[in-house]
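In: need coordinates for the following:
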Amino acid sequence: MSKPVSPLAIGSFTLGALVLLVAGMFVFGGGSLFNADKLRYVVFFDSSLNGLEIGAPVKMQGVKIGEVTDISLLLDPKSAKIYKPVVIDIDPNNLAGPDLHILSDIGKYRDNLVSSGFRARLEIQSLLTGLLYVDFDLYPDKAPVYAGLNYHNLPELPGVPTTTDEIRNVAEEVIEKIRDLPLEQMIKDLSESLRAVKTLLTSVDVKESSAMLKNTLAGMDQTLKTLNANLDRLLRNTDRTLNNTNDLVVNVNREIKPLLVAVEQAVTTANSALQTTQQSMENFGATVGPDSALNDTLRSLQRATRSIRDLSDYLQRHPEALLSGKEE
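Out: Model (predicted):
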């Protein structure tokens with residue numbers, strides 16, 4: 001006769017099984033049951049995904065905001081194009097607005113963030129392990145590029161190439177441009193130019209010019225040495241000459257004044273005599289004609305008086321003319 005089953009044992013077994021089931025779902029499900037509010041997106045990367053694993057962190061400027069949940073590889077046989085969709089889960093609880101409130105509705109700002117330059121890029125977690133993670137940052141100078149594929153109805157976020165890929169792309173562009181250059185013709189032209197320069201440098205004219213230049217430089221060097229040796233004495237003589245000239249000008253100015261006064265008095269006297277003579281000539285005009293010798297004498301005397309006046313005025317303005325003569 002079999003022993004009856006205890007209801008307590010059945011209940012304990014059932015409760016233990018439920019606990020194990022919940023624990024298994026939590027462990028093997030990655031806690032997804034408690035993350036129903038996470039936002040899921042897909043990013044199509046052109047860069048190699050070597051080093052990116054499921055569970056890799058998704059960061060924004062170094063702060064973890066989610067993780068990678070799926071990595072796939074799609075091949076279009078018609079265009080032979082390979083697509084590499086990476087599914088990421090972003091936890092809105094890790095994002096807060098300026099008012100410190102959780103951005104649980106961050107999904108509705110996706111277009112605004114993308115238009116501001118919000119892009120995903122693969123970065124290296126560690127140089128030793130080579131593992132990658134997904135980093136979000138602002139790249140406003142890079143236009144958003146979408147794959148345009150429907151991957152499990154997930155909204156797509158644009159990605160940008162890695163820094164290594166950008167450097168490699170730039171290097172490849174530079175290499176392509178170098179390949180397009182007519183290097184053979186350039187080398188040929190350079191060789192001909194060097195040959196022409198060599199011929200010119202070894203010509204007789206250049207050698208003679210070089211010798212003449214050498215002699216000229218030697219002469220200039222000797223002239224400079226002579227000038228340097230006599231410069232001090234030359235400067236002293238020049239200074240002494242300038243001082244003597246200054247003293248001479250001072251003396252001339254001092255002595256010219258009485259002379260100018262005497263000349264001015266003589267001119268005044270001559271003018272008076274002239275006026276007297278003219279008055280006399282007017283009195284004797286009836287007997288002395290306009291073409292007589294006396295009138296000629298008076299006109300000559302008048303011109304002489306005018307010349308003396310002009311000389312007096314010039315000497316007042318240029319006393320140094322007594323030494324250097326009148327300027328032309």
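In: in a strand, Val134, correct?
Out: Yes: looking at Val134 with DSSP: H, G, I helix; E, B strand; the rest coil, it is inside a strand.
In: which residue sits closest to it, ignoring its sequence neighbours?
Out: Spatially, and ignoring its direct neighbours in sequence, Val134 is nearest to Val58 (4.5 Å; C-beta to C-beta, 6 or more residues apart in numbering). All C-beta atoms are positioned from the backbone trio N, CA, C, and that covers glycine.
In: what separates the one you found from Thr199, distance-wise?
Out: Computed with C-beta to C-beta, to the nearest Å, the distance linking Val58 and Thr199 is 69 Å.
In: of those two, which one has the most company?
Out: Comparing Val58 with Thr199 by neighbour count (other C-beta atoms under 10 Å), the higher total belongs to Val58, at 23 against 10.
In: just checking, that one touches Val68?
Out: Yes: with contacts counted by C-beta atoms under 8 Å, Val58 reaches Val68, the gap being 6.5 Å.
In: report the distance from the helix or strand harbouring Asp189 to the chain centre.
Out: Asp189 is part of helix 183-201 when elements are defined by DSSP states H and E. The chain centroid and the centroid of helix 183-201 are separated by 34 Å, computed with C-alpha atoms, centre = their mean, to the nearest Å.
In: moving C-terminal from it, which element do we reach first?
Out: helix 204-283.
In: so that next one versus helix 183-201, what angle?
Out: 70 degrees (axes from the mean of the first three to the mean of the last three C-alpha atoms, to 10 degrees).
In: helices and strands around helix 204-283, which ones?
Out: Counting contacts by 3 or more C-beta pairs under 8 Å, 6 or more residues apart in numbering; DSSP states H and E, helix 204-283 packs against helix 293-317, helix 321-324.
In: mind checking how far that helix is from the chain centre?
Out: 54 Å.
In: one more: stretch 102-120?
Out: Distance, stretch centre to chain centre, for stretch 102-120: 37 Å (C-alpha atoms, centre = their mean).
In: perfect, I'm done here.
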